[in-house]
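Q: I would like to see how this sequence folds:
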Amino acid sequence: MYPIFSPLIKTILSQSNLFYPSDMENKFFNFNEYKNTFDSYHSSNDLFSEKYSANIHTIVSLALSAVLCNKALERLKLIRNEYAFSEFIGGVTKNAAEKFIPTVHTALFLLAGNDTAKRLELLKKYFLPGSILFRQNILKPLPADPLLEDTPLECTPEFIYQIINGGEYQYSYSTNFPATLYTTNETWEDLCLNDREMIDLMEVKAWLKNFQRLKENSLFGKSHKGYKAMFFGPPGTGKTVSVGLLGKEINMPVYRIDLSQIVSKWVGETEKNLKYIFDLASTKNWILFFDEGDALFGKRSDNTGGNDRYGNQEVAYLLQRMEEHEGIIFICTNKQHNMDEAFRRRFSSRVEFFLPKKQESLMIWQKYLPELEIELEAIDLSRMADKIKVSGASIKNFCKWMKIIQYENLHKTEEQIQQGTKISKHQFLELMSKYFSRYEGQSLDSKLFG
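A: The predicted structure is shown next:
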């Protein structure tokens, strides 16, 4: 698959206008070692087709060699100390094995030698943020300005995975990638939303389905910079699950970023972490889902002190990246009124979620209570749905708690355990009052419901 690399690099080296020995290409790059290694891998990535320039092939081959075939670079490390022009070779060594890691200067050395004008031209073409190497997520974004500082050439984990396995790489949570792929097995029926919420969500779905068409529209596309939607309302009302369901229905992966975790764990590095996610998402067909939005999207503070984690700098940066992002963004928050007006204006859609009213609450109780071994006949479910003002998630959590109690035969009498009888109505209502008092802060009179 990769024999094209070797002759390309050899041709580039042999045509370089440098005063090197006639066998200089063999001194700088072990082509047999490289070829034998890369011919064993398979990939459908058309980056390696001849439609891409020899320069691209050379840069990518260097970066891949650092990971998959470092022996091919050993001569570069040795030659760096043997010639007066070694400063042009670049490269760094890492770890105890002192492996040679090619840098931007290494690639420029192979492509342009000591021709300063050509080096500068190539640097601007291939190593600034707009380059295809970064747009297609082949190379990791350079941590420093390559005009001012030499930096290592590193392939992204995704690209390396595709080269070796030929499959789709799945990003996982880390300090450098503070996001997780969010999926859900629930359905719209499980949420038991009211009619207004469902209508609003179907409008959001229509936006998502026609997002690309609108982007390509000759009139609207001129000012179309992505799609932003905000879901707001009390906890446990279905905001997060709704985002997952929308992503599932339009076949777009949802990457969830918990802003409360970013702020609390990496104070002062919020911009860095958000930048990487936005840069990566710009090359993907992803939905970026910012959960717990009120952790960062509060009203901008007048406090300009360096320790203010909700400071103007972080908020302004996020506003800028949201404004520039051409993809899809969802934000969920419990308290819309805490959000800066500048944030709210940037959302194409805003959907409010409510605590379930009597009818929706009754549907949720009727869905989960039959799973419990209790005497339901004499319990007034309609009154329960009317009097217990909690979210659907709270009702579901209570039913889970009851199920655990049943698994362990807790709160049953010896007679009930021996006879395998259900929890009585009286026991159920007492346990329900206890649960909602402890976990929801609601004082309930169990006598009201039976």
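
Q: any chance you could map the helices in the stretch 151-300 of the chain?
A: All helices of the stretch 151-300 of the chain, identified by DSSP state H, counting those that start in this stretch, fall at 157-165, 188-191, 195-209, 211-216, 239-249, 259-265, 270-281.

Q: Any regions of the stretch 51-200 of the chain where pLDDT drops low?
A: Where the stretch 51-200 of the chain drops to pLDDT under 70, the residues are 51-52, 79-88, 93-97.

Q: try 90 this time
A: 51-103, 105-116, 119, 124, 128-138, 140-179 (pLDDT under 90).

Q: ok now do T103, which residues does it touch?
A: By Cβ atoms under 8 Å, 6 or more residues apart in numbering, the contact list for T103 reads G90, G91, V92, D150, T151, P152, L153. C-beta: built from backbone N, CA, C; applies to glycine.

Q: so what's it bridging to?
A: Legend: beta-bridge partners of T103 under DSSP bridges are P152.

Q: How far off centre is stretch 132-139?
A: Taking the mean of its C-alpha atoms, stretch 132-139 sits 17 Å from the chain's own mean (Cα atoms, centre = their mean, to the nearest Å).

Q: and that stretch, which residues are buried?
A: L133, F134, N137, I138, L139 (16 or more other Cβ atoms under 10 Å).

Q: just stretch 376-390 next, same as before
A: Buried-residue list, stretch 376-390, by 16+ other Cβ under 10 Å: L376, I379, M384, A385, D386, I388, V390.

Q: And that stretch, end to end?
A: One end of stretch 376-390 sits 20 Å from the other (Cα to Cα, to the nearest Å).

Q: Mind listing residues that contact it?
A: 236, 355, 358-359, 361-362, 365-366, 369-370, 395, 425, 428-429, 436, 440, 442, 444, 448-450.

Q: Count the neighbours of G90 for me.
A: 22 (other Cβ atoms under 10 Å).

Q: What strand or helix carries it?
A: G90 is part of no helix or strand, with elements assigned from DSSP states H and E.

Q: Name the nearest residue to it, ignoring sequence neighbours.
A: H105 (2.7 Å; Cβ to Cβ, 6 or more residues apart in numbering).

Q: that older thread, could you export the buried residues of stretch 376-390 to TSV, including columns for secondary structure and pLDDT?
A: Output for the buried residues of stretch 376-390, formatted as TSV (DSSP: H, G, I helix; E, B strand; the rest coil; pLDDT from 0 to 100):
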residue	secondary structure	pLDDT
L376	coil	76
I379	coil	84
M384	helix	89
A385	helix	91
D386	helix	90
I388	coil	90
V390	coil	92
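
Q: okay if I get those residues as a markdown table plus distance to Y173?
A: Converted to a markdown table, those look like this (distance: Cβ to Cβ, whole Å):
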| residue | distance to Y173 |
| --- | --- |
| L376 | 42 |
| I379 | 43 |
| M384 | 39 |
| A385 | 38 |
| D386 | 42 |
| I388 | 36 |
| V390 | 30 |
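
Q: F220: which of the residues you listed is nearest?
A: V390 (42.2 Å; Cβ to Cβ).

Q: any idea how far that closest one is from N273?
A: V390 sits 34 Å away from N273, going by Cβ to Cβ, to the nearest Å.

Q: and if you look at E168?
A: Distance from E168 to N273, by Cβ to Cβ: 23 Å.

Q: The two: which is more packed in?
A: N273 (19 against 9).

Q: so what's the more buried one closest to, chain neighbours aside?
A: That would be P178: by Cβ to Cβ, 6+ apart, it lies 5.1 Å from N273.

Q: how many other residues sit next to that neighbour?
A: P178: 21 neighbours (other Cβ under 10 Å).

Q: With the one 10 residues further on instead?
A: Burial of W188, expressed as a neighbour count using other Cβ under 10 Å, amounts to 15.

Q: same deal with L219?
A: So L219, with other Cβ under 10 Å, has 8 neighbours.

Q: Could I get the phi/psi values of it?
A: phi -90, psi -60 (degrees, to the nearest 10).
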